[in-house]
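make a model of this:
(2 chains)
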Protein chains: 2
Amino acid sequence: MSEQTKKSGDIMIPQTSKKRVVIIGGGFGGLKIAKGLRKKNFQVVLFDRHNYHTFQPLLYQVATAGLEPDSIAGPLRKRLKNFKDFYFRMATVESVDTSRNCIITEIGELAYDYLVIANGSLTNYFGDSELERNVFPLKQIPHALNLRSQLLQSFEKAVLQSDTEEKQSLMNFVIVGGGPTGVELAGALGELKLHVLPKDYPEINFKKMMIYLVEGLPRLLNGMSHEAGENAFNYLKRFDVQVLVDKKLKSYDGKTVTLDDGMSIPASTLIWAAGVKGNILPGVADASVFKSRIKVDEYCKVIGTDNVYAIGDVAYFPTEAYPNGLPMLAPVAIQQGTLLAKNLVNLDKGKEMKKFEYLDKGSMATIGRNKAVVDLPGNIRMKGFIAWWVWMFIHLLSIIGFRNKWIVLSNWIWNYFTFDRSTRLIIRPYVKKPARQEKEPEKEEVTSR
Amino acid sequence: MSEQTKKSGDIMIPQTSKKRVVIIGGGFGGLKIAKGLRKKNFQVVLFDRHNYHTFQPLLYQVATAGLEPDSIAGPLRKRLKNFKDFYFRMATVESVDTSRNCIITEIGELAYDYLVIANGSLTNYFGDSELERNVFPLKQIPHALNLRSQLLQSFEKAVLQSDTEEKQSLMNFVIVGGGPTGVELAGALGELKLHVLPKDYPEINFKKMMIYLVEGLPRLLNGMSHEAGENAFNYLKRFDVQVLVDKKLKSYDGKTVTLDDGMSIPASTLIWAAGVKGNILPGVADASVFKSRIKVDEYCKVIGTDNVYAIGDVAYFPTEAYPNGLPMLAPVAIQQGTLLAKNLVNLDKGKEMKKFEYLDKGSMATIGRNKAVVDLPGNIRMKGFIAWWVWMFIHLLSIIGFRNKWIVLSNWIWNYFTFDRSTRLIIRPYVKKPARQEKEPEKEEVTSR
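This next block holds a predicted model:
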């Protein structure tokens, strides 16, 4: 082989005659484009700060002890094995330098011919550092594990608490955000309250466990149909969830939740599912950024650049149906990744590139056992048992890797027939971040012992 | 009910007319005695610092990415649900006060009528704090997860390393201790080297990955037959493990392993499987302690006490066959726990107590796919494929809970047919403990981000 190893920082990628595509992020979009460029005339380098991809739609089941974290995560290197001219680097990308066509990472710099930004989204705390310090986000596996520990630790503490107010605060769970994550989490907590926790803690009166779901808009599941929102609302009522719509969070100091209408709830756990924002890397031109996402054209190319692309949650692409940009959902990232891989191959061959068009395949949310809502294209609305089966089937298909599908399915069968949630383990107890600790503003941090 | 809640610290256990048995530790022994006292005329309070029990014999498979941690752990409260007059408290017991018949815990004090010490064993670093700071123990689930992260992080770092010596140090894995844990771990690492890692890291030459197994005695598996030791030795050779018998570790500073014969190995990972010691709580009389274990009589009663019992790893009970005390194995704890429960019931009814006799059911170790050694009573020795099946069958039976058996079996089938180890995830990267940090001497600490 005539390949000559040119060291770029410590990144150690050989320099070849092929054009180099650098992909930032190994999520749905990044994996799709990597797969699409397999056996094509490119050298591909994929960066991710984790060595695994995460099936984010099921994080809430990890947080509520229904699934093992390891069955919704898969090693990235396993996905990419036997890919030729393919390199994975577990590293955080710190910035991009489009003028020099290179990225700067914690392990050095690397030049690219084409750059694909597919680094997804971050939890949006809207600049409120007190909030950020005190709430539980749910975007990564360590977040889900922290929340799982917190839920169980709350009841272990409640058992020991003789002060009525303190005890109630431990048993109040406030979820902010009435989108799919918030709704699904509220439902799962409702099921824990109904079927699982009372057997574990016979000393606790579970009528006093309160689940609040706070949503700023007048309805739940704003991205879905009116019927879906209504149905979710009614299902949650059956689980005794206090749904508070048209109310915004004013503040949370780790002890008391204050809403904009003056209502206050003492709660030691607040789960923050109220919004995400694009993960904008330093070096992306301000002119390319709109509403915390990167503006792209119909070829997923970042506006104002020649060889930089963005796909998935981080990309802002408004259409007639979606004037505020395509939704931050896995199918968008998957469709964009698939097309972009083909387009890069076309570009390399001097062929014409194809324009991106989003094919809406519907959206869905599950509230619990036999209870889900599904909207399909063509105004098809489903709810209840059938919707729940559709939800399970689609999610099972979407989980990456046969083994993970198999383990998730095994767990679901078990959970369905036993009404159990078996992974209620406090493996690394959650320890609150100290307030004095300075945090980097744009990075998600995960703190636990 | 006429029960009156008397607050003992914050422990909140009601005071009843029944005698109170306090059990320290929810391992094999503690769970057995809890189960044996179910529906008997006792109030039972079980303490454990974790909310789950751990199936320790399979920790090495978690550490080597073969099993999910959640499938070898089970929530203690689930095991104990529907037990009447039964209380679980997740808390560390700090000391015992036999003169006042009470235990002192982090959440307060509690009086007992009978105390059962079943808190197992701790990793024995023989007072070497440098060693303790730098090695990887393997006694708890967080240990296994830390080791899993470390293994994978080592290769992620090796990919980036151009310095040959540094790279080799990342790829040298030294295991100290040639008992079952060390042997099984060495075999599992050998399989990773052979079947899994080369596909993940095509840039690395895996001939250079070195696995050393260091044992102070002249043979492996000292608790088993001579043949078993020999066979294990030969199996490990096939996995290219460097077995160094009759050699003791002199020091390890986190970078260089030095043996007593002067040999030195640069290695960034040293796994410490060289010994455990009884978990002796402050307040246990010095006169009752021998070789870091608590001396008990044939009724598992602690020598010098009237109502304090000790079972399992922490108990020292020499017999003719075992002049140095019964082995620190699950079957001993299980048998002692079962008998002690019966004896406490007998004692309460004024009946005679039965003497404990250990029934040796054999011992075994697996080195890898189709490779195991089994010694059964009556000088029956097995090896190879049959021994491996016996090993799997016995372990599967011993795992607590049907769901965990099911998930473990699913994984084993998957691993067998695919030669894969699917949970190679760095979920919480391992971060070395800072040297300056003061550590409590007798507690096992788990450090990671």
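
which SSE is residue A:103 in?
Element membership of residue A:103 [criterion: DSSP states H and E] is strand A:102-105.

partner strands of that strand, with direction?
strand A:93-97 (antiparallel), strand A:108-111 (antiparallel) (DSSP bridges).

next one: the shortest one to chain centre, how far?
A distance of 28 Å separates the C-alpha centroid of strand A:108-111 from that of its chain, computed with Cα atoms, centre = their mean, to the nearest Å.

show me what the next helix or strand after that strand is packed up against.
Per DSSP H and E, the first helix or strand lying C-terminal to strand A:108-111 is strand A:114-117. When contacts are defined as 3 or more Cβ pairs under 8 Å, 6 or more residues apart in numbering or on different chains; DSSP states H and E, strand A:114-117 sits against strand A:19-24, strand A:308-310. For every residue, glycine as well, the C-beta is placed using N, CA and C.

of those, which is nearest chain B?
strand A:19-24 (15.9 Å; Cβ to the nearest Cβ).

what are the pairing partners of that closest one, and which direction each?
Short version: by DSSP bridges, strand A:19-24 pairs with strand A:42-48 (parallel), strand A:114-117 (parallel).

closest to residue B:71 out of the helices and strands packed on strand A:114-117?
strand A:19-24 (33.0 Å; Cβ to Cβ).

tell me, how many residues neighbour residue A:418?
13 (other Cβ atoms under 10 Å in any protein chain shown).

what's the separation between it and residue B:282?
Counting by Cβ to Cβ, to the nearest Å, the gap from residue A:418 to residue B:282 is 42 Å.

so does stretch A:145-153 get close to chain B?
Yes. Legend: contact between stretch A:145-153 and chain B by Cβ under 8 Å from any Cβ of the partner chain is shown at A:145, A:152.

got the contact list for that stretch?
A:62-65, A:69, A:136, A:138, A:173, A:189, A:192, A:269, A:271, A:423-430, A:446-448, B:51, B:427 (Cβ atoms under 8 Å, 6 or more residues apart in numbering or on different chains).

alpha carbons of stretch A:205-224, as CSV, please.
Written as CSV, here are the backbone C-alpha positions of stretch A:205-224 (Å, rounded to 0.1, in the frame of the first residue of the first chain):
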residue,chain,number,x,y,z
ASN,A,205,-48.9,5.7,51.1
PHE,A,206,-48.6,6.0,47.4
LYS,A,207,-51.8,8.0,47.1
LYS,A,208,-49.4,10.8,48.2
MET,A,209,-47.0,10.3,45.4
MET,A,210,-47.7,13.2,43.0
ILE,A,211,-46.8,13.5,39.4
TYR,A,212,-47.1,16.9,37.8
LEU,A,213,-46.7,17.6,34.1
VAL,A,214,-46.3,21.3,33.3
GLU,A,215,-46.7,22.5,29.8
GLY,A,216,-46.5,26.2,28.6
LEU,A,217,-48.9,25.8,25.7
PRO,A,218,-52.6,25.2,26.2
ARG,A,219,-52.3,21.5,25.0
LEU,A,220,-50.0,18.4,25.2
LEU,A,221,-48.1,17.0,22.3
ASN,A,222,-48.1,20.2,20.3
GLY,A,223,-46.3,18.5,17.3
MET,A,224,-49.1,16.1,16.9
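
same question for it: list its buried residues.
Residues of stretch A:205-224 classed as buried by neighbour count (16 or more other Cβ atoms under 10 Å in any protein chain shown): A:206, A:209-216, A:219-221, A:224.

mind giving me CSV with the residues you listed and columns for pLDDT, secondary structure and distance to residue B:388?
CSV is the format used below for the buried residues of stretch A:205-224 (pLDDT from 0 to 100; DSSP: H, G, I helix; E, B strand; the rest coil; distance: Cβ to Cβ, whole Å):
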residue, pLDDT, secondary structure, distance to residue B:388
A:206, 97, helix, 46
A:209, 98, coil, 47
A:210, 98, strand, 52
A:211, 98, strand, 48
A:212, 98, strand, 53
A:213, 98, strand, 51
A:214, 98, strand, 55
A:215, 98, coil, 55
A:216, 97, coil, 59
A:219, 97, coil, 59
A:220, 98, coil, 54
A:221, 97, coil, 52
A:224, 95, coil, 52
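
which one of these is nearest to chain B?
residue A:206 (13.8 Å).

please enumerate the helices of the stretch 51-200 of chain A.
A:59-63, A:76-79, A:129-134, A:141-160, A:164-170, A:180-191, A:197-200 (DSSP state H, counting those that start in this stretch).

so how far is the longest one off the chain centroid?
Helix A:141-160 sits 20 Å away from the centroid of its parent chain (Cα atoms, centre = their mean).

got it, and the last one?
Averaging C-alpha coordinates over helix A:197-200 and over its chain gives two centres that are 29 Å apart (Cα atoms, centre = their mean).

equivalent analysis for stretch A:305-316, please.
That offset, for stretch A:305-316, works out to 19 Å (Cα atoms, centre = their mean).

for it, measure first residue to last.
This stretch, stretch A:305-316, spans 15 Å end to end (Cα to Cα, to the nearest Å).

likewise stretch A:240-254?
First residue to last in stretch A:240-254 (Cα to Cα) measures 24 Å.

need the residues that contact it.
For stretch A:240-254, using Cβ under 8 Å, 6+ apart, the contacting residues are A:128, A:130-131, A:133-135, A:174, A:176, A:178, A:186-187, A:189-190, A:193, A:210-220, A:233, A:236-237, A:257-261, A:263, A:268, A:270, A:274, A:432.

just the buried ones from these?
A:131, A:133-135, A:174, A:176, A:178, A:186-187, A:189-190, A:193, A:210-216, A:219-220, A:233, A:236, A:257, A:259, A:268, A:270, A:274.

tell me where the stretch 251-400 of chain A has helices.
So, for the stretch 251-400 of chain A - with DSSP H, counting those that start in this stretch - the helices run A:330-348, A:384-398.

may I see the buried residues of the helix or strand following the last one?
In this case it means helix A:384-398. As assigned by DSSP H and E, the chain's next helix or strand after helix A:384-398 is helix A:402-418. For helix A:402-418, burial by neighbour count (16+ other Cβ under 10 Å) applies to A:403-408, A:410-412, A:414-415.

and helix A:402-418, what does it pack onto?
helix A:384-398, helix B:402-418.

let me have these in CSV, extended by mean pLDDT and distance to residue B:44.
Shown next, in CSV, are those (pLDDT from 0 to 100; distance: least, Cβ to Cβ, whole Å):
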stretch, mean pLDDT, distance to residue B:44
helix A:384-398, 94, 40
helix B:402-418, 91, 23
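
and those helices as TSV, adding distance to residue B:325?
Formatted as TSV, the entries for the helices and strands packed on helix A:402-418 read as follows, by distance: least, Cβ to Cβ, whole Å:
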stretch	distance to residue B:325
helix A:384-398	51
helix B:402-418	30
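
right, so of the helices of the stretch 51-200 of chain A, which gets closest to residue B:328?
helix A:141-160 (28.8 Å).

give me the angle between that closest one and helix A:180-191.
30 degrees (axes from the mean of the first three to the mean of the last three Cα atoms, to 10 degrees).

give the rounded mean pLDDT of helix A:141-160.
If you average the pLDDT over helix A:141-160, you get 97.

quick one, domains of chain A?
A:19-49+A:91-123+A:277-348, A:129-274+A:362-418 (automatic domain parsing).

span of the last one from start to end?
The first and final residues of domain A:129-274+A:362-418 sit 42 Å from each other (Cα to Cα).

do stretch A:115-125 as well
End-to-end for stretch A:115-125, by Cα to Cα: 28 Å.

just the buried residues of it, please?
Quick answer for stretch A:115-125 (16+ other Cβ under 10 Å): A:115-125.

and it, how far out from the chain middle?
10 Å.

okay if I get the strands paired with strand A:102-105 as CSV plus mean pLDDT?
Formatted as CSV, the strands paired with strand A:102-105 follow (pLDDT from 0 to 100):
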stretch, mean pLDDT
strand A:93-97, 97
strand A:108-111, 95
